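*Asks:* predicted model, plus sequence, below.
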Amino acid sequence: MARLSWISIAFFVILAFAINTLVQGGEGSLKPEECAGACDFRCSATSHKNPCLFFCNMCCQKCLCVPSGTYGHKEECPCYNNWKTQEGGPKCP
(Lines give C-alpha, C1' and ligand atoms only; values in the text may rest on other atoms or scores of the structure.)
Protein backbone atom coordinates (compact mmCIF):
# COMPACT_ATOMS: atom_id res chain seq x y z
CA MET A 1 0.00 0.00 0.00
CA ALA A 2 2.85 2.41 0.82
CA ARG A 3 4.40 1.68 -2.56
CA LEU A 4 1.19 2.71 -4.30
CA SER A 5 1.14 6.09 -2.53
CA TRP A 6 4.72 6.89 -3.58
CA ILE A 7 3.90 6.02 -7.17
CA SER A 8 0.85 8.28 -7.01
CA ILE A 9 2.89 11.14 -5.57
CA ALA A 10 5.58 10.73 -8.22
CA PHE A 11 2.93 10.71 -10.95
CA PHE A 12 1.36 13.93 -9.68
CA VAL A 13 4.74 15.68 -9.35
CA ILE A 14 5.61 14.79 -12.95
CA LEU A 15 2.17 15.86 -14.13
CA ALA A 16 2.45 19.21 -12.29
CA PHE A 17 5.88 19.83 -13.83
CA ALA A 18 4.55 19.08 -17.32
CA ILE A 19 1.57 21.41 -16.88
CA ASN A 20 3.80 24.17 -15.51
CA THR A 21 6.09 23.87 -18.54
CA LEU A 22 3.15 24.11 -20.93
CA VAL A 23 1.67 27.14 -19.18
CA GLN A 24 4.96 29.04 -18.88
CA GLY A 25 6.08 28.36 -22.42
CA GLY A 26 9.70 27.77 -23.09
CA GLU A 27 12.08 27.18 -25.93
CA GLY A 28 10.18 26.79 -29.20
CA SER A 29 6.79 27.40 -27.60
CA LEU A 30 5.80 30.25 -29.92
CA LYS A 31 4.86 30.29 -33.57
CA PRO A 32 6.66 32.92 -35.71
CA GLU A 33 3.45 34.93 -36.09
CA GLU A 34 3.15 35.20 -32.27
CA CYS A 35 6.51 36.95 -31.88
CA ALA A 36 5.22 40.48 -32.51
CA GLY A 37 2.68 40.32 -29.70
CA ALA A 38 5.11 38.72 -27.26
CA CYS A 39 7.75 41.34 -28.04
CA ASP A 40 5.24 44.21 -27.76
CA PHE A 41 4.61 43.12 -24.17
CA ARG A 42 8.31 42.39 -23.45
CA CYS A 43 9.31 45.89 -24.61
CA SER A 44 6.32 47.76 -23.18
CA ALA A 45 8.17 49.18 -20.16
CA THR A 46 11.37 50.36 -21.86
CA SER A 47 12.19 53.89 -22.97
CA HIS A 48 14.12 52.41 -25.95
CA LYS A 49 11.11 50.77 -27.58
CA ASN A 50 12.26 50.61 -31.24
CA PRO A 51 15.64 48.91 -30.63
CA CYS A 52 14.03 46.61 -28.07
CA LEU A 53 11.33 45.53 -30.54
CA PHE A 54 13.87 45.05 -33.34
CA PHE A 55 16.16 42.77 -31.33
CA CYS A 56 13.36 41.00 -29.50
CA ASN A 57 11.66 40.09 -32.79
CA MET A 58 14.97 38.95 -34.30
CA CYS A 59 15.62 36.75 -31.26
CA CYS A 60 12.08 35.42 -31.21
CA GLN A 61 12.21 34.45 -34.89
CA LYS A 62 15.38 32.45 -34.19
CA CYS A 63 14.43 30.94 -30.80
CA LEU A 64 10.61 30.90 -30.99
CA CYS A 65 10.55 32.00 -27.36
CA VAL A 66 10.29 35.29 -25.46
CA PRO A 67 10.80 35.34 -21.68
CA SER A 68 7.78 36.29 -19.59
CA GLY A 69 7.53 39.76 -18.14
CA THR A 70 9.14 43.00 -19.24
CA TYR A 71 12.58 42.29 -17.76
CA GLY A 72 14.62 39.28 -16.67
CA HIS A 73 13.36 35.66 -16.68
CA LYS A 74 15.77 34.84 -19.52
CA GLU A 75 16.42 31.39 -18.03
CA GLU A 76 13.03 30.43 -19.51
CA CYS A 77 14.54 30.65 -23.00
CA PRO A 78 18.15 29.38 -23.15
CA CYS A 79 18.55 30.24 -26.86
CA TYR A 80 17.29 33.78 -26.20
CA ASN A 81 19.55 34.08 -23.14
CA ASN A 82 22.71 32.64 -24.72
CA TRP A 83 22.73 34.60 -27.99
CA LYS A 84 25.52 37.17 -27.49
CA THR A 85 26.93 40.17 -29.37
CA GLN A 86 30.50 40.16 -30.68
CA GLU A 87 31.53 41.92 -27.48
CA GLY A 88 29.96 39.17 -25.37
CA GLY A 89 26.94 41.11 -24.14
CA PRO A 90 23.36 39.89 -24.44
CA LYS A 91 21.85 40.32 -27.90
CA CYS A 92 18.24 39.78 -26.80
CA PRO A 93 16.41 42.22 -24.51
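*Replies:* Perfect, I can see it now. The structure presented is a predicted model; accordingly, all values stated were derived computationally and were not measured.

*Asks:* kindly provide the distance from K31 to C60.
*Replies:* 10 Å (Cβ to Cβ, to the nearest Å). Just so you know, the C-beta spots here come from the backbone N, C-alpha and C atoms, and that holds for glycine as well.

*Asks:* these two touch, right, C92 and E76?
*Replies:* No - between C92 and E76 there is no contact under Cβ atoms under 8 Å: 11.8 Å.

*Asks:* so those two - more neighbours on which side?
*Replies:* C92 (25 against 19; other Cβ atoms under 10 Å).

*Asks:* contact partners for that one?
*Replies:* 55-56, 58-59, 63, 74, 80-81, 83 (Cβ atoms under 8 Å, 6 or more residues apart in numbering).

*Asks:* element containing the nearest residue to it once chain neighbours are set aside, please.
*Replies:* Leaving aside its chain neighbours, C92 sits nearest to C59 (3.7 Å; criterion: Cβ to Cβ, 6 or more residues apart in numbering). In the assignment (DSSP states H and E), C59 maps to helix 49-63.

*Asks:* what's the answer for Y80, then?
*Replies:* Counting by DSSP H and E, the element that carries Y80 is helix 78-82.

*Asks:* pull out the buried residues from that helix.
*Replies:* 80-81 (16 or more other Cβ atoms under 10 Å).

*Asks:* just stretch 30-46 next, same as before
*Replies:* 30, 35, 38-39, 42-43.
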